[in-house]
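Asks: Pasting a predicted model and its sequence here:
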Amino acid sequence: MVTTISPDRLKQLLDSGEDFTLLDTRPEASYESWHVRGAQNYPFGTDEELDGQPEEIEELVGEDDRVVTICAKGLSSGNLATQLAEALEDRDVNAVDGGMKAWSGVYDHVGIDLGESARAVQLQRRAKGCLSYVVGCAETGAAVAVDPTEDTDEAKAAAAEGDLTISAVIDTHVHADHVSGGRRLADDLDVPYYLSERAADRDLDLAFEGLGRNETIEVGDLTVKALYTPGHTSEMLSVLVGDAAVVTADTLHVNAVGRTELEFGEGNGDEGARMLFESIHRTLLAEPDSLTVLPGHVTVTVEGEFEVGAPGEPITTTIHDARTGIDVLQLDEGAFVERLADPGEEPANYEDIIELNRGVRELAPEERTELELGPNNCSA
């Protein structure tokens, strides 16, 4: 009998360094666009039979005592695991329950050192590279959740782990790569839900409190300020956390900047790029060099690895290191706009996700999860 394992157990196996073989049974194109670190592609159907292939499997597995299979939702991988358990009687064979769909909901909660006045937990969505935050006052424990995903229990758990109490929720912008949990989290906790006041220009059909340029929120003894940093979207905010950090969302990442054409449309990315250049150079890079930058994403490579850093480690930079280390920030405005003209593949189903986050469309939870599958593709 095949034993299924949870995606979190797969995470433990990967992090422990234990030797095992991970077989991804999805079609080659799906595997190549997005897969778990270390997985080997072995396409296999839900009704397929091994038919004398154990020798090939033996070669793939080598001397590993454990074989784990994964697919999109756990169907074809379960079929392969069942047959492997019979063919490889001396091996421990597992299938990942829920497949890549479930893997996309695996998180790491990482404490960020922000000095004596502030406290932060970075929520890393491992498969997609989405980064969200619970940031708050070290003295009182009052906190804001910034850019929570639809997995709102993760934000609640991160707050509890950091000894913080969420008193407000902020979405920095209308997200295009994942479904926001901001409005629902605020409702669950009966706290204010904030977006930029300029979000009103995007025809939202959901209730929010608008934050103006440089408007502040008192969170315990900590002052949180809304910085207007358009470019990725027209209403984009960055969130200044006292004098310790700034949550830059998709304006500025650790080694890149956000793409600029998803709201403005193909062929109109120049408008957003010029906004972004101004936002970065006139607003963010005007902050003190020592300020910690808390980005909204880290790119997950096609090999399933973080492009910078590693899961479970803080994904941060500083204003100084961003200014001096990100190559696109060394360009003048014209060259910057030209560089951003070809940002690469768009996030999957981004137009549908934007509609959900604007509140103008409703989908069942199962359907919303389907829309999000795949890498985030928010960097330019």
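Replies: Sure, I can see it. Residues are numbered from 1 along each chain as shown.

Asks: From the centroid of this structure, which residue is nearest?
Replies: Closest to where the C-alpha atoms of the chain average out (Cα atoms, centre = their mean) is C130, at 0.9 Å.

Asks: now the end-to-end length of stretch 233-241.
Replies: The straight-line separation of the ends of stretch 233-241 (Cα to Cα, to the nearest Å) is 21 Å.

Asks: to the chain's geometric centre, what's the distance from that stretch?
Replies: Between the mean C-alpha point of stretch 233-241 and the mean C-alpha point of its chain there is a distance of 17 Å (Cα atoms, centre = their mean, to the nearest Å).

Asks: so how far is the longest helix along the chain off the chain centroid?
Replies: Here the longest helix in the chain is taken by residue count, with DSSP state H as the criterion, and it is helix 76-87. With Cα atoms, centre = their mean as the basis, helix 76-87 stands 32 Å off its chain's centre.

Asks: buried set for that helix?
Replies: When neighbours are counted by 16 or more other Cβ atoms under 10 Å, the buried residues of helix 76-87 are found to be 76-81, 83-85, 87. Where C-beta positions appear, they are placed from N, C-alpha and C, glycine not excepted.

Asks: what about T216, distance to A249?
Replies: Counting by Cβ to Cβ, to the nearest Å, the separation of T216 from A249 is 18 Å.

Asks: er, P311 I mean
Replies: If you measure P311 against A249 using Cβ to Cβ, the figure is 20 Å.

Asks: now T21
Replies: According to Cβ to Cβ, T21 stands 38 Å off from A249.

Asks: Tell me which of those two has more neighbours.
Replies: The residue with more neighbours, out of T21 and A249 and counting by other Cβ atoms under 10 Å, is A249; that gives 30 against 22.

Asks: ok, and the closest non-adjacent residue to E372?
Replies: Among residues not flanking E372 along the chain, H178 sits closest, at 5.2 Å (Cβ to Cβ, 6 or more residues apart in numbering).

Asks: List the contacts of that neighbour.
Replies: Residues in contact with H178, defined by Cβ atoms under 8 Å, 6 or more residues apart in numbering, are 125, 128, 130, 149-150, 353, 372, 376.

Asks: ranges for the strands of the stretch 201-350 of the chain?
Replies: Secondary structure of the stretch 201-350 of the chain by DSSP state E, counting those that start in this stretch: the strands cover 209-211, 216-219, 222-228, 237-241, 245-249, 292-295, 317-318.

Asks: Run through who's touching the third one.
Replies: Residues outside strand 222-228 that contact it (Cβ under 8 Å, 6+ apart) are 117-118, 135-138, 142, 144, 170, 194, 196, 198, 211-218, 236-242, 246, 279, 283-284.

Asks: Repeat the analysis, applying 7 Å as the threshold.
Replies: With Cβ atoms under 7 Å, 6 or more residues apart in numbering as the test, strand 222-228 has contacts from 117-118, 136-137, 144, 196, 211-217, 237-242, 283.

Asks: And for the fourth one?
Replies: Applying Cβ under 7 Å, 6+ apart, the set of residues contacting strand 237-241 from outside is 114, 118, 135, 146, 170, 172-173, 196, 211, 222, 224-229, 246-249, 251, 284.

Asks: 8 Å instead?
Replies: Residues contacting strand 237-241 (Cβ under 8 Å, 6+ apart): 114, 118, 120, 135, 144, 146, 170, 172-173, 195-196, 211, 222, 224-229, 246-249, 251-252, 283-284, 287, 294.

Asks: same question, the last one
Replies: For strand 317-318, the surrounding residues in contact (Cβ under 8 Å, 6+ apart) are 254-255, 289-293, 295, 325.

Asks: Try it again at 7 Å.
Replies: 254, 289-293.

Asks: what mean pLDDT would you report for it?
Replies: Computed over strand 317-318, the mean pLDDT rounds to 98.

Asks: contacting residues around A245?
Replies: Applying Cβ under 7 Å, 6+ apart as the definition, the contact partners of A245 turn out to be 114, 118, 120, 291-292, 294.

Asks: Show me which of those residues is closest to T3.
Replies: Of all the contacts of A245, A120 has the smallest distance to T3: 37.6 Å, by Cβ to Cβ.

Asks: hang on, isn't the closest one packed against V135?
Replies: Yes - using Cβ atoms under 7 Å as the test, A120 is close enough to V135 to be in contact (4.4 Å).

Asks: just checking, next helix/strand downstream of the helix or strand of the chain with the lowest mean pLDDT?
Replies: Lowest on mean pLDDT, DSSP states H and E among the helices and strands of the chain sits helix 54-61, with a mean of 79. From helix 54-61 onward toward the C-terminus, using DSSP states H and E, the following helix or strand is strand 66-70.
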